[in-house]
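Trainee: Fold the following and give me the result.
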Amino acid sequence: MDRIDWPRRRNGHRRRASTPKVVRRAKLLRPTGWFLRVLVLILVAIPALILTSPGYLAFADRMPDMQGLNQSIPADTIIYASDGTTVLADLHGPGYQHYEEPLASMGTMLPNAIIAIEDRNFYSEPGVDPSGVARAALVDWRAHGTVEGASTITQQLVKLRLIGSQPTLDRKVREALMSFEVERTYSKQQILEKYLNSAFFGNSAWGASAAAKIYFHKDTKDLDLAQASMLAGLVRGPTVYNPLINWQSAKARQLQVLNSMVRTGSITGTGAATAYAEDISPPEHMFTPTNQILDAGFVRYVTAQLVNQFGSQIIYGGGLKVVTTVNQSLQHLAQNAITNNIIQLSYRHVSQGALVALDPTTGAIVAMVSSANPNGNGGQYNLAVWPPRNPGSSMKIYTYTAAIASKKYTMVSRIPDGRFTYRDPVSGEAYTPRNYDGRYHGTLQLQQCMGNSLNIPAVKVELGIGVSSVVGMARTMGAPPYQLHYDAQGNPNYTADDPLNTYGPSLTLGGYGETPLQMATGASVLAAQGILRQPYAIENISRNGTLFYQHKKDDGVQVLDPKVAFIMEQIMSNDNNRAMIFGRHSLLTLPNRHVGVKTGTSDSFADAWTVGYTPHLVAAVWTGNPDWRQKMTKDSDSYVVAAPAWHTFMQNALDDLRVGDEWFSEPAGLTHKTVGGQPAWFLPGTS
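Mentor: Numbering: from 1, shown residues only. Down below sits the predicted model:
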C-alpha cells in the first residue's frame, strides 16, 4: 500500500483526511479576502486624507444632504383611550412597524449588545474603523464566513438613511465620506439613537422599540440579556437569522453576540452561559407581529376623522399619539351590557345592538359600542353611527319638546286618546295611527301621553304644532331625521336636509331614520339644560412629545330655552307618567337616582330603542337586526329588548363614575301649580 502523504500543520501535526479541501479553500480565500480588505482600507484612508481638498469638496456637492438624518422616518400612529395609556389601536402600513424612541428610554442591554457585535470600537473611532476592517477580516477568515462586519454603526446609519446599499465603489466611497461628516456633526449618543431607531430586525420591526414589542411584547428597556442578544443578532441578517423560521441559525448567532459581549467586557462568561440557556423560543416566549385592536368600531370612527383631517399618509406613518375620549371602564361596561343582552334575547331573533354614551357637560363620547358581536351578522359595521334606523316612539322627545317650546301646550294639557284619522290635504292620503296596545285610554295629560308612549295623542300634538316644527326641533337638537331615497340603480341614499314640507305625520312615531349617536346627542341637549355640544371623540394629538391639537372646551350653543328643557326633564323622569303602561319601578328607572328616559319600537318589531340621561351621562341603545327586513319576534318591544341593556349600563356606569343621585336645578322664570295632586311647571304666559 502506498504511503499516504497526510497534510501537515505548521507545527508538524497531522491534519484530518478531509483537510485538503479546506486547505485549498483557505489558500483561495486568504489572498482574495486580504486583497478585498486592503482595498477597503485604501478606499477609506484616501478620502480621510483629502477631506479638505478641492476635489473632495466637488465630490461632496453631489452627496445627499445630511439633514436627512434629522427627518423623522415613518412611524406608527397609536390611538389611546382617555387615560392616555390604554392602547386601542396601532395604525401602520402593511409589513412595517416603527416607534421612535429616545436612547435614554432603551435601557442598556440592547444597545450594548448591538455595539458588541456590530462595532466594538464605536466610541473611539472617527466614523470609519480601519482596525475594525482588519479585525473583521481575521475573524471572518478564521470562521470561513461572515461573522463580524467591517462597517461601523455610523456607516450603517449612513447606508440606511442617506446612501442606500447599492454594491458600487462610488457608494462605498460616499458612505465613508458621509460617515466622517456625521461624526463631526453628531455626538456618539445621537448617532447610536438614530441607528437603533432605523435598523431593521425582520418581521415588520423597524427600530429597537418595534423589535422589542413584536418579538417579546416588551419595552426595549425591559429586555433581558437573552432577548437582547437574540435581537442584536438579527441586524446583520433578518432573514438568515429569523428565529421564527431558522431557530438553529438564530441561536448560533445569539451565541456570537454573547461571546462578543464577553470580549467587550459588558457581561461575564457566566452571564452569557445563563442567557444562552434561557428558553426564549417561539411561540410561548417569542411572538409574531400582532395588531390587536380594542373597540374596533370606535377606532374606525376615530381613524376616519383623522384621515379626513390629516390624510392617510400622516395617519399611517406620522408617528402620532392620539388620545381619545372613550372611557375604557365605561366602554367595557357598555360592551358587556349590549353583548350579554343580545345573547340572552337571541331566541327573539335579535342579532345586534349598539350603544352611544356621551358626557353632556362636554360632548365627549365616553363609550361607543358598534355591535354586540363583531363576528356576527352585520358586526363589521359601526351600527352606532350608520345606517339610520327607525327610532320608533323615541322620536317623541322632539315632538313634545317642540310642543312645550311652542307654548301651545303645557305638560298638563289634556289630549284625547281615541280613534283618529288624518287625511293629507295635498295628497289626500289617509293616516290612522294606532297605540301599541291597540287600545284607547281616554283624555290624559300631555306628560302621561308621553310617559306611556301613546301614539294617537303624539300625532295629534305633532299636527297641532306642525310636522315641520318637530323636524326643526330635531335638527336644532343635533338629530336631523333622515329620509331614504333610491338612485337610478336602486341604491339607497339617505339625506337629512330635505324640505320641511316633505315630512309626514309618521315622523313622531319614527317614520324617518336616526342613529344612536344622533339620538344621544339630542338627549344631551335636555341633559345640558338646552345647550348643544357637538359630540367629539379626539381629545388631543401629539407627535414626538409636541402637542399640535387639543380639543377646545365647547361652551356649546344654547339651542333650547333652559325652562323648556327643565319641563321636559320633569316629564321624562316622573315614574307616575309611565305607570299605566310600564308599571312602577320598571327598568326605565334607576334605584335611588333621577333619570329621564324614552323608549321606541318600530312597526313590525324591526327596531327597539331606549334613550335616557342624567346631568352627567347620556346613553342611547338600539337593538335589532342589520337588515331591517328581518324582524324580531312578536311583542319584542323596546322595553323587552333594549331597556335591559340601557338599564344595566346606566346603573353600572354611574356607579363606576361614583355619581349618586343628582338632578337639575329649576331655572328662573317658571311658574308652579299643583294639578291632579302633582306639581306642574309652566312657561311664562301658559299657566
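
Trainee: Quick check: buried residues in stretch 65-79?
Mentor: Using 16 or more other Cβ atoms under 10 Å as the test for burial, stretch 65-79 gives 66, 69, 73-79. Where you see a C-beta, it was placed from the backbone N, CA and C, and this is true even at glycine.

Trainee: can you check stretch 656-676 too?
Mentor: By neighbour count on 16+ other Cβ under 10 Å, the buried set for stretch 656-676 is 657, 664, 667, 670.

Trainee: ditto for stretch 324-341
Mentor: Across stretch 324-341, burial judged by 16+ other Cβ under 10 Å covers 324-331, 333-335, 337-339, 341.

Trainee: Just the ones of those in strands?
Mentor: The strands, defined by DSSP state E, take in Thr324 from the buried residues of stretch 324-341.

Trainee: which stretches of the stretch 501-650 of the chain have low pLDDT?
Mentor: Nowhere does the stretch 501-650 of the chain drop to pLDDT under 70.

Trainee: Over to the chain?
Mentor: Looking at the chain by pLDDT under 70, you get 1-62, 66, 130-150, 166-171.

Trainee: Return the residues in contact with Ile541.
Mentor: Ile541 makes contacts with 320-323, 547-549, as judged by Cβ atoms under 8 Å, 6 or more residues apart in numbering.

Trainee: Neighbour count, secondary structure and distance to Val350 for the residues you listed - can I get that in TSV?
Mentor: TSV is the format used below for those (neighbours: other Cβ atoms under 10 Å; DSSP: H, G, I helix; E, B strand; the rest coil; distance: Cβ to Cβ, whole Å):
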residue	neighbour count	secondary structure	distance to Val350
Leu320	22	strand	39
Lys321	17	strand	39
Val322	25	strand	34
Val323	23	strand	35
Leu547	11	strand	44
Phe548	10	strand	44
Tyr549	17	strand	40
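
Trainee: Spatially, which two of these are the most separated?
Mentor: Spanning the widest gap among the contacts of Ile541 are Val323 and Phe548, at 12.6 Å by Cβ to Cβ.

Trainee: list residues touching both of the two?
Mentor: Shared contacts of Val323 and Phe548 (Cβ under 8 Å, 6+ apart): 541-542.

Trainee: Buried ones in the helix or strand hosting Gln248, by neighbour count?
Mentor: In this assignment (DSSP states H and E), Gln248 forms part of helix 247-264. Neighbour counts over helix 247-264 (16+ other Cβ under 10 Å) mark 249-251, 253-262 as buried.

Trainee: Adding distance to Ser469, write those out as CSV.
Mentor: CSV is the format used below for the buried residues of helix 247-264 (distance: Cβ to Cβ, whole Å):
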residue, distance to Ser469
Ser249, 76
Ala250, 73
Lys251, 77
Arg253, 76
Gln254, 75
Leu255, 81
Gln256, 80
Val257, 76
Leu258, 79
Asn259, 84
Ser260, 81
Met261, 79
Val262, 84
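
Trainee: Can you tell me which of those is closest to Asp359?
Mentor: Asp359 lies nearest to Ala250 out of the buried residues of helix 247-264, by Cβ to Cβ, at 50.3 Å.

Trainee: okay, now the closest residue in space to Arg414 that isn't next to it in sequence: neighbour count?
Mentor: Excluding the flanking residues, the one nearest Arg414 by Cβ to Cβ, 6 or more residues apart in numbering is Thr443, at 5.1 Å. By the measure other Cβ atoms under 10 Å, the count of residues near Thr443 is 12.

Trainee: Okay, Thr443 and Ser413: tell me how far apart.
Mentor: Between Thr443 and Ser413 the distance is 10 Å, computed by Cβ to Cβ, to the nearest Å.

Trainee: And Thr599, by the same measure?
Mentor: From Thr599 across to Ser413, the span is 22 Å (Cβ to Cβ).

Trainee: And the two? Which one has more around it.
Mentor: Per other Cβ under 10 Å, whichever of Thr599 and Ser413 has more neighbours is Thr599, with 29 against 18.

Trainee: Can you tell me the SS state at that one?
Mentor: Assigned by DSSP: H, G, I helix; E, B strand; the rest coil, the conformation of Thr599 is strand.

Trainee: Report the beta-bridge partners for it.
Mentor: With DSSP bridges applied, Thr599 shows beta-bridge pairing to Thr610.

Trainee: how close does it sit to Ile581?
Mentor: Counting by Cβ to Cβ, the gap from Thr599 to Ile581 is 10 Å.

Trainee: Give the residues shared as contacts by the two.
Mentor: Jointly contacting Thr599 and Ile581 under the rule Cβ under 8 Å, 6+ apart are Ser453.

Trainee: Mind picking the one among the buried residues of helix 247-264 that's closest to Asp437?
Mentor: Nearest member of those to Asp437, counting by Cβ to Cβ, is Ala250, at 71.9 Å.

Trainee: The closest one reaches Tyr241, doesn't it?
Mentor: Yes. Between Ala250 and Tyr241 there is a contact at 4.9 Å, judged by Cβ atoms under 8 Å.

Trainee: Next one: Ala212 from Thr339, what distance?
Mentor: Distance from Ala212 to Thr339, by Cβ to Cβ: 34 Å.

Trainee: Same question for Pro243.
Mentor: Distance of Pro243 to Thr339, given as Cβ to Cβ: 38 Å.

Trainee: Same question for Ser329.
Mentor: Taking Cβ to Cβ, one finds Ser329 at 16 Å from Thr339.

Trainee: what does Phe310 give?
Mentor: Using Cβ to Cβ, we find Phe310 at a distance of 33 Å from Thr339.

Trainee: coming back round to it: could you redo the contacts of Ile541 as a markdown table and give each row distance to Lys188?
Mentor: Conversion of the contacts of Ile541 to a markdown table gives the following (distance: Cβ to Cβ, whole Å):
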| residue | distance to Lys188 |
| --- | --- |
| Leu320 | 30 |
| Lys321 | 28 |
| Val322 | 34 |
| Val323 | 35 |
| Leu547 | 31 |
| Phe548 | 31 |
| Tyr549 | 35 |
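
Trainee: Closest one of the residues you listed to Thr633?
Mentor: Val322 (42.2 Å).

Trainee: separation between the closest one and Tyr400?
Mentor: To Tyr400, Val322 is 39 Å away according to Cβ to Cβ.

Trainee: ok, now Ile78?
Mentor: Applying Cβ to Cβ, the value for Ile78 to Tyr400 is 45 Å.

Trainee: Can you check my assumption that Ile415 lies in a helix?
Mentor: No. Assigned with three-state DSSP, Ile415 falls outside any helix and is strand.

Trainee: so who does Ala523 touch?
Mentor: Contacts of Ala523 by Cβ under 8 Å, 6+ apart are 397, 596, 611-613, 618, 620.

Trainee: go again using 10 Å as the cut-off
Mentor: Residues near Ala523 by Cβ atoms under 10 Å, 6 or more residues apart in numbering: 358, 360, 394, 397, 477-479, 568, 572, 596-598, 611-613, 618-620.

Trainee: Check the secondary structure at it for me.
Mentor: Going by three-state DSSP: Ala523 is helix.

Trainee: What of Met368?
Mentor: Three-state assignment for Met368 (three-state DSSP): strand.
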